Each structure stands twice: as structure tokens, then as C-alpha cells.
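Enquirer: need a structure here:
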Amino acid sequence: MLQSSTLYEFDGIGTHWWCESLSHPIPSDLQVAVIAEVDRFDRLYSRFREDSLIIDLARTGVLHSPPPELVDMLSFSKELYELSDGGFDVSVGGILHAQGYGSRTHASTITGQAFWSRTHISRSKITIPAGAIIDIGGLGKGWLIDAIATLFVSHDVESFVINGGGDMYIAADEPVTIALEDPREPTQSIGTVKILGGFAASSQGKRTWSDGDVDRQHIVSARNTPTDIPSGVFVQAASARIADACATAIFVRPDRVTQLIDRYNLTVKIV
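Expert: A predicted model of the protein is given here:
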């Protein structure tokens, strides 16, 4: 049986999580609900699972009666694609597979405008070009953090920190101070920031792998991007999903930071 504590840690969707109540112990039924939510999210939206909706959608190109959550994620993704001038693009899953970050049997070059011009999203049906692979990594963790935050509130835990691999949502009476990891030297800090709401960071050093003789990193874009890619981007926003997605978009297209700040009322630090 799970024991109540103010801190609950676990691993899920490829990262380490810690959830901390700032008031009273986290009840055991909430811990169970959190794990169930993480498992559900992974089962539906992971491009690494052959039984996921993402892979099923790639095989057939159509999904009837899609989860409202997926409709909302893709609608938000399309908005970000346009605001970032193609920098933020969930259609790059096939590129990542081709580079060895996933099964090469799902490699695809259907990205960018070739993807979005043939994609249609509604509450009753989603259609995409068959073979195209959606990757929600640029916003999925933030989306899941917000879902877990909703679970905390529904279980009467209203003051808390949800941290998924450094991206987080904080609910408290006063802002919580956190240290900012130096993206160029992870053992060092570049300062602190006070946070309420969503927070996310993107950097070149996260999730790297070797593709033959080539070193890869997980944030890619279907468009050519500026040569002055930053070392890291830190974003505060009203929600974790907005912070996560915008950190990715700004990392790939730092020249679009003004448009994203204006649209989502962000606080941004670029290193």
C-alpha cells in the first residue's frame, strides 16, 4: 500500500517526476490516480508504442471519434506552427524516427506544410497524410503536468509543485523560488526565478543520441532555422502546456519570440 507523504517521486514517459504538496501529505488514492494518468497518456500518445493512437493514426491516416484532448493538442499545435513560422511542428516524428530516435520503420518525410495542408481536425474525425508521424514531445509533457495538477486540485490538494524533468506547474499562495540550470554547464546555476503557474526550459543538451557517426538532439524543425540557436530558453506562462510548447518554439525560432510573448503573455529568458 502506498504511504501518504508530502513528496511523491516516480519515473514516466522517459523522465523523472516529483510531485510535492506544500500543505499536507499527498493521499494514496491521488498517487494511484497520478500513475494511472501517466500510463494512460503514454498509451495513447507515445510514438514509441506500436499500440498507441499516434502510430495507429500514422498507419491509417484517419481517426474517428478522437479523444477531445488530442483534438485540442493538434489545434494548439497548428496555432503554434503558424505563430512560429513553422518552427514548432509536431509532424517531425518521422524525421526523428529516421534519425534513430524511434523505429526506423516509421521514418517519414511528410512534414511542415505538406503535413498541415492535408491535415483536418474536428471533434468527430482527424485526418492526416497516411505515413506521417506526429510527435507531441514539444508539448506533451506540459500537457500531462497540467492534467496532474488538475488531479491534485480535485483531491483537495491546492498548494503543490508538479515537476516533470524540470518542467513544472506551481500552485501556491506565494511564488516559489527555483534555480535555473545553466544549459552550458548543468552542474551550475545562472540564477533564480520566482514562479507561479507553468514553467519550462529547452536546451541543446537534453535527450541526445548517436545516429551512426552523427550526434543528434531531440528538438528538430521541418524548416530551416536561424544559425544562432540559443544554448537554452526558459519560459513562464499561465499553464505548463503553454510554457513547454513555447520554450520549444522559441528554442527553434528565437526570432519569433515577440509574437509568442504577445500571444501567450510569457516571461522569457534566452541564454
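
Enquirer: Direction included, what does the strand ranked longest in the chain pair up with?
Expert: The residue-count maximum for a strand in the chain (DSSP state E) belongs to strand 185-195. As defined by DSSP bridges, the strand partners of strand 185-195 come to strand 176-182 (antiparallel).

Enquirer: hey, where'd the strands end up in this structure?
Expert: Ranges of strands in the chain, per DSSP E, are 7-12, 15-21, 62-64, 120-121, 125-127, 160-164, 167-171, 176-182, 185-195, 197-203, 208-211, 214-217, 232-237, 267-270.

Enquirer: Would you mind putting the ones you listed into CSV with distance to residue 41 and mean neighbour count alongside?
Expert: Glycine gets a C-beta too; all of them are placed from N, C-alpha and C. Formatted as CSV, the strands of the chain follow (distance: least, Cβ to Cβ, whole Å; neighbours: other Cβ atoms under 10 Å):
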stretch, distance to residue 41, mean neighbour count
strand 7-12, 8, 14
strand 15-21, 12, 18
strand 62-64, 16, 13
strand 120-121, 19, 14
strand 125-127, 17, 17
strand 160-164, 11, 22
strand 167-171, 14, 24
strand 176-182, 24, 15
strand 185-195, 23, 12
strand 197-203, 17, 24
strand 208-211, 23, 11
strand 214-217, 23, 12
strand 232-237, 20, 24
strand 267-270, 27, 15
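
Enquirer: Let me have these in a markdown table, adding distance to residue 148 and mean pLDDT as columns.
Expert: Formatted as a markdown table, the strands of the chain follow (distance: least, Cβ to Cβ, whole Å; pLDDT from 0 to 100):
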| stretch | distance to residue 148 | mean pLDDT |
| --- | --- | --- |
| strand 7-12 | 10 | 94 |
| strand 15-21 | 7 | 95 |
| strand 62-64 | 25 | 97 |
| strand 120-121 | 25 | 98 |
| strand 125-127 | 25 | 98 |
| strand 160-164 | 5 | 97 |
| strand 167-171 | 8 | 97 |
| strand 176-182 | 17 | 91 |
| strand 185-195 | 16 | 88 |
| strand 197-203 | 12 | 93 |
| strand 208-211 | 27 | 43 |
| strand 214-217 | 26 | 44 |
| strand 232-237 | 17 | 96 |
| strand 267-270 | 22 | 96 |
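
Enquirer: quick one: residue 232 and residue 201 touch, right?
Expert: Yes - A contact is recorded between residue 232 and residue 201 when judged using Cβ atoms under 8 Å, the distance being 6.2 Å.

Enquirer: what is in contact with those two at once?
Expert: residue 183 (Cβ atoms under 8 Å, 6 or more residues apart in numbering).
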